[in-house]
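1. sequence and predicted structure are below.
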Amino acid sequence: MSTPIKTGLCSYGHSGYAFHAPFIHVHPGFELTAVVERSKHLTQQRYPYVKIYNDVKALMADASLELIVVNTPNYTHYEYTKAALQAGKNVIVEKPFTVTVAQGEELIQLAASKKLLLSVYQNRRFDSDYKIVRKVVEDGLLGDVLEVEFHYDRFKEELSYKKHKEVAEAGTGVLYDLGSHLIDQGLTIFGMPQAVWGDVRIIRKDSVVDDYFELVMYYDQLRVRLKSSYLVREALPAYILHGRKGSFIKSKSDIQEALLMKGVLPDTPDWGAEAPHEWGLLHTEINGKVVKEFIPSGNGNYLDYYQGIYSALREGKPNPVTAEDGLNVIRVIEATFKSSEEKRVVTL
């Protein structure tokens, strides 16, 4: 195998602990080299070989680093990604890519001018539940898909302990946070819509950021409805799809985050396997015969994203999630806010 990709993390909060460090650690093509931690130095409890920096600027200046992961609050994504690219580093930036389309376009041009990889970490493409939904559609098991509804709901009246998530400024709120996942999943299967309608609201008592949204992406015959709310105690299925031949109903059941938060490393053969009671219900017609059965999901695995990054940097293969993909999500977010404010459908 080629020289490991020396990688630096801009933070070691929830994202660094669960979604990045474990996969960089177990993939033999990467080396978790440095992390920014201002005080606690928790990284070295699990990865004692890692260098600790007190600030992002020092991380950027580390000449040994080939790849930097920008996994800091949303409003910093543009600034830190730009600084990393200017320092000659390849970059993975957490979703949402940027706060505005203009910021994203500038970063894409900068990365291209320096011939550097710029990728957006859309890990939910590698969830077991989403992967089977995408396969059902792409295998044509529903015929022409006409109506789709994706949910990402929570029940949490209290505000987040992460103060930066509850400040009324650009880039905060559920549409940027959970909406980035749902929009990316919709776009990855169905492509860019012709228009968007949106309803974005604040429903928790003490919140100053949006914590509810519903948006509809318009295609020729298809409508894709995406919803998220922080006040859903009894959740609906996460994926509901209806086509000319049949329907597919699926729960949100990927187990990776729960395992990662317990400190389990993603290095077992059965990693990301769903329990059979979470399998999706397919009710359709195949070769003239009506079929109604629960079908098994494949394993979810965020390591597939990092394998894609390795293949892109070492083997010249395609970027697993391009910055253009990330930019399209921001286009839909901006259109959804505009639609909600003006109470109309917005053409893209």
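-> It's in.

2. list the buried residues for stretch 215-231?
-> Using 16 or more other CB atoms under 10 Å as the burial criterion, the residues of stretch 215-231 that qualify are 215-219, 222, 224-230. Quick note: C-beta positions are derived from backbone N, CA and C, even for glycine.

3. equivalent analysis for stretch 134-148, please.
-> With burial defined by 16+ other CB under 10 Å, the residues of stretch 134-148 counted as buried are V136, V137, L141, L142, V145, V148.

4. biggest separation within these, which pair?
-> Set against one another by CB to CB, these have their most distant pair in L141 and V148, with a gap of 13.8 Å.

5. elements contacting the helix ranked longest in the chain?
-> Among the elements of type helix in the chain, defined by DSSP state H, the one spanning the most residues is helix 323-342. Packing partners of helix 323-342 (3 or more CB pairs under 8 Å, 6 or more residues apart in numbering; DSSP states H and E): helix 101-113, strand 118-121, helix 174-190, strand 195-201, strand 212-218, strand 346-347.

6. among the ones you listed, which is nearest S247?
-> Each of these has some distance to S247 by CB to CB; the shortest is helix 174-190, at 15.7 Å.

7. give me the residue at the spatial middle of this structure.
-> Q122 (2.9 Å; CA atoms, centre = their mean).

8. that residue: what's it in contact with?
-> K95, S180, H181, D184, Y305, V321, D325, G326 (CB atoms under 8 Å, 6 or more residues apart in numbering).

9. can you do 7 Å?
-> Residues counted as contacts of Q122 (CB atoms under 7 Å, 6 or more residues apart in numbering) are K95, D184, V321.

10. nearest residue to the second one in space, please, no chain neighbours.
-> By the measure of CB to CB, 6 or more residues apart in numbering, the closest residue to D184 outside its immediate chain neighbours is Q122, 4.8 Å from it.

11. part of a strand, is S253?
-> No: remark: S253 does not belong to a strand; assigned using DSSP: H, G, I helix; E, B strand; the rest coil, it is coil.

12. mind pulling up the pLDDT for it?
-> For S253, the model assigns a pLDDT of 93.

13. where's the closest residue to it other than its chain neighbours relative to R233, distance?
-> Distance criterion CB to CB, 6+ apart; nearest residue to S253, sequence neighbours excluded, is E278 at 3.7 Å. E278 sits 19 Å away from R233, going by CB to CB, to the nearest Å.

14. what does Y302 give?
-> Here the distance between Y302 and R233 works out to 28 Å (CB to CB).

15. with P28 instead?
-> 44 Å.

16. let me see the contact set for the residue located most distally from the centre of the chain.
-> Distance from the centre of the chain peaks at G288, with 37.8 Å (CA atoms, centre = their mean). G288 sits next to no residue when contact means CB under 7 Å, 6+ apart.

17. three-state assignment of E293?
-> Under the three-state scheme (three-state DSSP), E293 adopts strand.

18. A58 versus that one, what's the distance?
-> E293 sits 56 Å away from A58, taking CB to CB as the criterion.

19. between the two, point out the one with more neighbours.
-> In terms of neighbours (other CB atoms under 10 Å), A58 is the more surrounded of E293 and A58; the figures are 14 against 10.

20. for that one, what are its contacts?
-> If you count contacts by CB under 7 Å, 6+ apart, then A58 has nothing around it.

21. secondary structure element for it?
-> helix 56-60 (DSSP states H and E).

22. now do that helix, average pLDDT.
-> Within the predicted structure, the mean pLDDT of helix 56-60 is 97.

23. buried residues, that helix. List them.
-> Neighbour counts using 16+ other CB under 10 Å place V56, L59, M60 of helix 56-60 among the buried residues.

24. can you lay out those as JSON lines showing distance to E341?
-> What follows is these, written out as JSON lines (distance: CB to CB, whole Å):
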{"residue": "V56", "distance to E341": "34"}
{"residue": "L59", "distance to E341": "38"}
{"residue": "M60", "distance to E341": "37"}
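
25. next, count neighbours for K115.
-> Taking other CB under 10 Å as the criterion, the count of residues near K115 is 8.

26. where does it land in three-state SS?
-> Classification of K115 by three-state DSSP places it in coil.

27. now G272
-> State at G272, reduced to three classes by three-state DSSP: coil.

28. list phi and psi for it.
-> Listed backbone geometry of G272 is phi 80, psi 20, with angles given as degrees, to the nearest 10.

29. report the contact partners of it.
-> For G272, counting by CB under 7 Å, 6+ apart, the contacting residues are S128, D254, I255, Q256, N299, G300, N301.

30. at 8 Å instead, please
-> By CB under 8 Å, 6+ apart, the contact set of G272 is S128, D254, I255, Q256, P266, N299, G300, N301.
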